[in-house]
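> fold the following.
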Amino acid sequence: MTAPSPERARLAAALLELKGRTGLSLAGLAAKTAFSKSSWDRYLNGHTLPPRDAVQELCRLAGEPEGRCVALWEIAESEGSGRAAQGPRVLPSAPPPPEEAPPAGATADNRDVHRGATLVAVLASVSAVAVGGVAAVVLLLPHRDGEPRASLSPPASAVEPRCRSEVCEGKSPMRMKCAPAPETLASYRTATGAWLELRYSQECGTSWARMWGTRVGDRLEMSARGDDGEKARAGGVRCAEIRDGIDADSYVYTPMTAARPGTVVRACFHPAVGGGTECFDSTVVR
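As a prediction, the model looks like this:
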């Protein structure tokens with residue numbers, strides 16, 4: 001197994017410190033969070049970048065404000081190569097990079113220079129958070145198309161969405177900053193043990209679905225219709241698929257579809273093995 005990147009190693013060290021503060025074993029962490037013992041082992045040794053939720057849960061258990069670790073997580077995530085063009089993949093991981101991390105699009109030399117500058121900026125900002133209580137760490141990281149990306153770690157309420165309603169159709173909830181504090185419309189556990197959720201962002205006016213506890217080959221479809229029974233958006237069904245073992249250990253999200261109060265959002269889970277299709281739905285009420 002390849003050594004973790006400096007960014008993941010830095011995050012893993014911070015998380016390992018928090019684990020020590022909780023006094024919990026890996027089994028204890030698994031019992032108190034939504035992540036397995038084996039997943040925590042990979043997160044803490046830096047071989048797999050954890051979901052943002054895992055970082056936040058560990059901060060909560062350790063009684064640590066999440067700003068510093070979330071800032072480190074965002075830098076580690078943003079150093080990935082991104083899979084947005086391949087489908088609805090959002091979860092940070094290695095070696096396959098996450099959808100939600102806009103990839104470094106410069107040459108290798110430029111990327112190395114930018115990485116060094118970014119790390120300096122992060123360390124300075126993290127120090128400011130620890131000493132002065134500053135909640136935001138602002139970093140500019142390049143997109144694949146060369147445009148700068150502002151990576152923020154302020155409180156969720158301070159994150160400005162990058163799209164709203166129909167403009168968000170088919171886009172990633174994480175990349176578009178629609179997922180800092182979404183509402184969970186409904187949760188569902190399948191016959192194969194996978195967990196599903198329907199999510200809604202009032203700020204963005206969108207819904208999407210996510211799954212975890214899955215197996216390679218599992219597929220999730222999400223659609224929305226208005227209260228008149230017609231499909232709410234021309235985008236149709238949004239899909240996500242578990243393509244490898246790292247996906248199976250993480251959250252995987254569908255792209256978004258526009259939604260508003262009265263919209264009925266529906267998710268259908270298609271397991272690779274061990275069961276038939278299972279569907280559930282919920283209505284946006286606000």
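> domain parsing for the protein?
With automatic domain parsing serving as the domain definition, the record reports that the chain contains domains spanning 6-142, 165-283.
> could you tell me the least trusted of these?
Within these, confidence is poorest for domain 6-142, with a mean of 65 (mean pLDDT).
> Leu196 contacts Phe269, correct?
Yes. Between Leu196 and Phe269 there is a contact under CB atoms under 8 Å: 5.8 Å. Yep, even glycine has a C-beta here, placed from its N, CA and C like the rest.
> shared neighbours of these two, anything?
Shared contacts of Leu196 and Phe269, defined by CB atoms under 8 Å, 6 or more residues apart in numbering, are found at 188, 190, 211, 220.
> which residues of the stretch 151-286 of the chain fall in helices?
Taking DSSP state H, counting those that start in this stretch as the criterion, the stretch 151-286 of the chain carries its helices at 245-248.
> do the same with the stretch 1-150 of the chain
Counting by DSSP H, counting those that start in this stretch, the stretch 1-150 of the chain has these helices, from start to end: 6-22, 26-32, 37-45, 52-62, 67-78, 108-132.
> contacts for the shortest one next, please.
This means helix 26-32. 19, 22, 24, 35-37, 39-41, 44, 57-58, 61.
> mind running it again at 6 Å?
36-37, 40-41 (CB atoms under 6 Å, 6 or more residues apart in numbering).
> cool, the fourth one as well?
Outside helix 52-62, the residues within contact range by CB under 6 Å, 6+ apart are 15, 18, 21-22, 33, 35, 66, 69, 73.
> so how do I select the buried members of those residues in PyMOL?
Buried residues among these (16 or more other CB atoms under 10 Å), as a PyMOL selection:
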select buried, resi 15+18+22+33+35+66+69+73
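> what's the closest of the contacts of helix 52-62 to Ser5?
Trp73 (12.8 Å; CB to CB).
> the closest one and Leu61, how far apart?
Noted for Trp73: a distance of 16 Å to Leu61, by CB to CB, to the nearest Å.
> what do you get for Ala259?
Relative to Leu61, and taking CB to CB, Ala259 is found at 33 Å.
> compare the two (neighbour count), which wins?
Neighbours were counted for Ala259 and for Leu61 using other CB atoms under 10 Å; Ala259 has more, 29 against 18.
> got the contact list for that one?
Under the criterion of CB under 6 Å, 6+ apart, the contact list for Ala259 reads 206-207, 224, 284.
> show me just the buried residues among these.
So, by 16+ other CB under 10 Å, the buried ones in these are 206-207, 224, 284.
> make a markdown table from those and add distance to Thr254 to it.
Output for those, formatted as a markdown table (distance: CB to CB, whole Å):
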| residue | distance to Thr254 |
| --- | --- |
| Thr206 | 11 |
| Ser207 | 9 |
| Ala224 | 11 |
| Val284 | 16 |
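> now, which of those residues sits nearest Asp249?
Looking across these and measuring by CB to CB, the closest to Asp249 is Ser207, at 24.7 Å.
> correct me if wrong: the closest one contacts Glu197.
No. Using CB atoms under 6 Å, Ser207 makes no contact with Glu197, being 10.6 Å away.
> from Glu74, how far off is Ala62?
When CB to CB is applied, the distance between Ala62 and Glu74 equals 19 Å.
> between the two, who's got more neighbours?
Taking Ala62 and Glu74 together and counting by other CB under 10 Å, Glu74 has the greater number of neighbours (23 against 19).
> tally of neighbours for the closest residue to Glu160 other than its chain neighbours?
Once flanking residues are discounted, Glu160 sits nearest to Lys177: 6.7 Å by CB to CB, 6 or more residues apart in numbering. Other residues near Lys177 come to 19 when the count uses other CB under 10 Å.
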